[in-house]
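Asks: Sequence first, predicted coordinates after that:
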Amino acid sequence: MRTEPDVDDLLSLFPPGTHTDDDGTLVVGGRRLDDVAAEFGTPTIVVDEDALGRRAREYLDAFRSRWPRSDAAFASKSFPCTAIQRLMVDEGLHLDVAGGGEIVTAIKAGADPDRLLLHGNAKTDEELRLAIDHGLGLVVIDNFDDIDRLERLLPPGSRQRCLVRVIPGVEAATHASQATGHTRSKFGLLPDAAREAIARVEHSPLLHLEGVHTHVGSQLLDVDQLAAAVAPIAALGTFETYDLGGGLGARYTYDEHPPTVDDYADAMVAQARALLPADSRLIVEPGRSMVARNACTVYRVTTVKRGVITHVAVDGGMGDNLEVSLTGQRFEATLVARVGGGETVTVVGRHCESGDQLVDGVALRDPAVGDLLAVPVTGAYCYTMANQYNGARRVPVVFVRDGAARLVVRRDTWQDLVSRDVD
Ligand SMILES: Cc1ncc(COP(=O)(O)O)c(C=O)c1O
């Protein structure tokens, strides 16, 4: 790994267009991050709205230019708030929703229910009722109990369109918690069981089998592993729709070079051309590679403690970024006013766990109490896993665009922390 990244290296991890102002302060979406912190406090997740919209268009264009009958369904789980889902809907994307809560936010975001597809390996009656009541376009069947439940809950005469989720048997080179395509996976059905589920759905008067779904895992940096999922589902037969899942990795650190969306589309569509019916519909479900780079988190330094190593502690941590402790993901960081260079420190959070580190070993220039610190690439799976550990107030989300900033999710209040305590 490179130990001395320069300013441009650091900027390249932030949303495209991020630069430093005349006095060296970081500017994202045309807005100085110190101004964002002054207006909305810290920690705050800052999303570059324009950059995210461009990324959504890039995805759709990449697939539609190669395979005209394709759709991109944003994997809401990676950043499930109404403003993000609305942006995706406005850009023409469908939404993949994992569970009832994401149905609720998607509907609030103005999504057409017909353009929602529901995932879940443990769907409840309540969630399936919500899907049926809202008229969701597609339910992805993960197991035989999904079929039983749907047949029990669907009103007579209805016809719910479904995909059957298939385990592709691909061992992905990613963190164990992010690998979903191996044969021991809890998601979906192995090919023989999938064949049985397909036959059941085909014979059900209440269900319509539209196609098959597969997903190899998340944060994959090798398109061949993603493309390897096409053959196992192609082998199951000829269908209207093939949903190839998400999984393309994001660039978190200097030495990672994930494939571009064009590389990814090339690899997936090459397999589709070789193995799938030419008139079928393709769906991809990007999450991380859509949102990760287009947001960063701004913290305030609360303590600098010098010992065997230097700990720079900030006012957030595993309450707003569980990726580090859950998957071991490496992030980078910089002071907002002094970008790049300096002494190697460990950035830690405010939570009562030694594992609550944001960055283990990163160069910061003269860190001091009161400085602002920005961690790039926090758009994926950070907001969604935010929690109230140690009484943390969950982080707000601020959209920046053309120099303007607006709050789209407010910070928890102290009152929120006791609002569910009924006795
Ligand atoms: C079924 C499904 N589709 C899409 C995604 C999105 O994956 P990623 O965020 O890696 O693109 C996931 C997440 O793991 C998933 O489980």
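Replies: It's in.

Asks: Tell me, how many residues neighbour P68?
Replies: As a burial measure, P68 scores 10 neighbours (other C-beta atoms under 10 Å). No exception for glycine: its C-beta is placed from N, CA and C like everyone else's.

Asks: After the helix of greatest length in the chain, which helix or strand is next?
Replies: Identified as the longest helix of the chain according to DSSP state H is helix 49-66. Going down the chain from helix 49-66, the next helix or strand is strand 70-75, by DSSP states H and E.

Asks: Can you tell me what sits against that following strand?
Replies: 56, 59-60, 63-64, 84-85, 88, 93-96, 98, 115, 117, 243, 246, 281-288, 290 (C-beta atoms under 8 Å, 6 or more residues apart in numbering).

Asks: Please apply the same query to stretch 186-194.
Replies: Taking C-beta under 8 Å, 6+ apart as the rule, stretch 186-194 contacts 121, 142-144, 164-167, 169, 180, 183, 196-197, 212-215, 232, 235-236.

Asks: which of those residues count as buried?
Replies: 121, 142-143, 164-167, 169, 180, 197, 212-215, 232, 236 (16 or more other C-beta atoms under 10 Å).

Asks: re the thing from before, does anything pack onto the longest helix of the chain? Which helices or strands?
Replies: strand 70-75, helix 82-90, helix 261-275, strand 281-284, helix 288-291, strand 397-401 (3 or more C-beta pairs under 8 Å, 6 or more residues apart in numbering; DSSP states H and E).

Asks: buried set for that helix?
Replies: So for helix 49-66, counting by 16+ other C-beta under 10 Å, buried means 49-56, 58-60, 62-64, 66.

Asks: For the helix or strand encompassing V298, enumerate the helices and strands it packs against.
Replies: Using DSSP H and E, V298 maps to strand 295-306. Contacts defined by 3+ C-beta pairs under 8 Å, 6+ apart place strand 295-306 against helix 33-40, strand 44-48, strand 310-314, strand 372-376.

Asks: which one of those lies closest to T346?
Replies: Closest approach to T346 among those is made by strand 310-314 (5.5 Å; C-beta to C-beta).

Asks: how much space is there between the closest residue to the ligand within the stretch 301-423 of the chain and N294?
Replies: The nearest approach of the stretch 301-423 of the chain to the ligand comes at A380, 6.0 Å away (C-beta to the nearest ligand atom). According to C-beta to C-beta, to the nearest Å, A380 and N294 sit 9 Å apart.

Asks: neighbour count winner among these two?
Replies: More crowded of A380 and N294, by other C-beta under 10 Å: N294, with 30 against 26.

Asks: For the more buried one, give its distance to the ligand.
Replies: Distance from N294 to the ligand, counting by C-beta to the nearest ligand atom, to the nearest Å: 13 Å.

Asks: ok, that residue - contacts?
Replies: The contact partners of N294, taken as C-beta under 8 Å, 6+ apart, are 15, 47-48, 51-52, 55, 379.

Asks: now for those, which pair is the farthest apart?
Replies: V47 and R55 (11.2 Å).

Asks: Any residues of the stretch 1-150 of the chain in contact with the ligand? List them.
Replies: Proximity of the stretch 1-150 of the chain to the ligand, by C-beta under 6 Å from any ligand atom, involves residues 75, 78, 96, 119.

Asks: Residue numbers of the stretch 301-423 of the chain in contact with the ligand?
Replies: Counting by C-beta under 6 Å from any ligand atom, no residue of the stretch 301-423 of the chain sits close to the ligand.

Asks: I'd like the distance from stretch 327-343 to the chain centre, please.
Replies: Distance, stretch centre to chain centre, for stretch 327-343: 22 Å (C-alpha atoms, centre = their mean, to the nearest Å).

Asks: List the buried residues of that stretch.
Replies: Here stretch 327-343 shows 327, 329-341 as buried, counting by 16+ other C-beta under 10 Å.

Asks: Confirm V164 sits in a helix?
Replies: No - going by DSSP: H, G, I helix; E, B strand; the rest coil, the assignment for V164 is strand, not a helix.

Asks: V212 is in contact with that one, correct?
Replies: Yes - proximity of V164 to V212 meets the contact threshold set by C-beta atoms under 8 Å, at 5.4 Å.

Asks: so what's in contact with the two at the same time?
Replies: Residues touching both V164 and V212 (C-beta under 8 Å, 6+ apart): 194, 198.

Asks: Disregarding residues adjacent in the polypeptide, which is nearest to T310?
Replies: Nearest non-adjacent residue to T310, counting by C-beta to C-beta, 6 or more residues apart in numbering: V345, 4.3 Å away.

Asks: wait, doesn't the one you found sit right on G307?
Replies: No - in this structure, V345 is not within contact of G307 by C-beta under 8 Å, at 11.2 Å.

Asks: what's across from A98 in the sheet?
Replies: H119 (DSSP bridges).

Asks: so it makes contact with S76?
Replies: Yes - using C-beta under 8 Å, A98 makes contact with S76 at a distance of 6.9 Å.

Asks: Neighbour count: those two, which is higher?
Replies: S76 (28 against 22).

Asks: That one is in contact with R86, isn't it?
Replies: No - with contact defined as C-beta under 8 Å, S76 does not reach R86; the gap is 11.3 Å.

Asks: Near the closest residue to G342 other than its chain neighbours, how many other residues are there?
Replies: Closest residue to G342 apart from its sequence neighbours, by C-beta to C-beta, 6+ apart: R365 at 3.4 Å. Here the number of neighbours of R365 (other C-beta under 10 Å) works out to 15.

Asks: same check, this time on the one 3 residues further on
Replies: Other residues lying near A368 total 11 when counted by other C-beta under 10 Å.

Asks: so is it in a helix, a strand, or just coil?
Replies: coil.

Asks: OK, contacts around it?
Replies: 301, 304.

Asks: for the residue nearest to T310, which residues make a bridge with it?
Replies: V362.

Asks: so what's it up against?
Replies: 304, 309-312, 361-364, 367.

Asks: so can I have CSV of these showing neighbour count and pLDDT?
Replies: Listed next are the contacts of V345 as CSV, based on neighbours: other C-beta atoms under 10 Å; pLDDT from 0 to 100:
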residue, neighbour count, pLDDT
V304, 16, 98
I309, 11, 95
T310, 15, 97
H311, 15, 98
V312, 27, 98
G361, 13, 96
V362, 21, 96
A363, 17, 96
L364, 25, 97
P367, 19, 98
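
Asks: measure the closest residue to P16 other than its chain neighbours to the ligand for me?
Replies: Distances taken as C-beta to C-beta, 6+ apart place A51 nearest to P16, at 5.3 Å, with adjacent residues excluded. From A51 across to the ligand, the span is 17 Å (C-beta to the nearest ligand atom).
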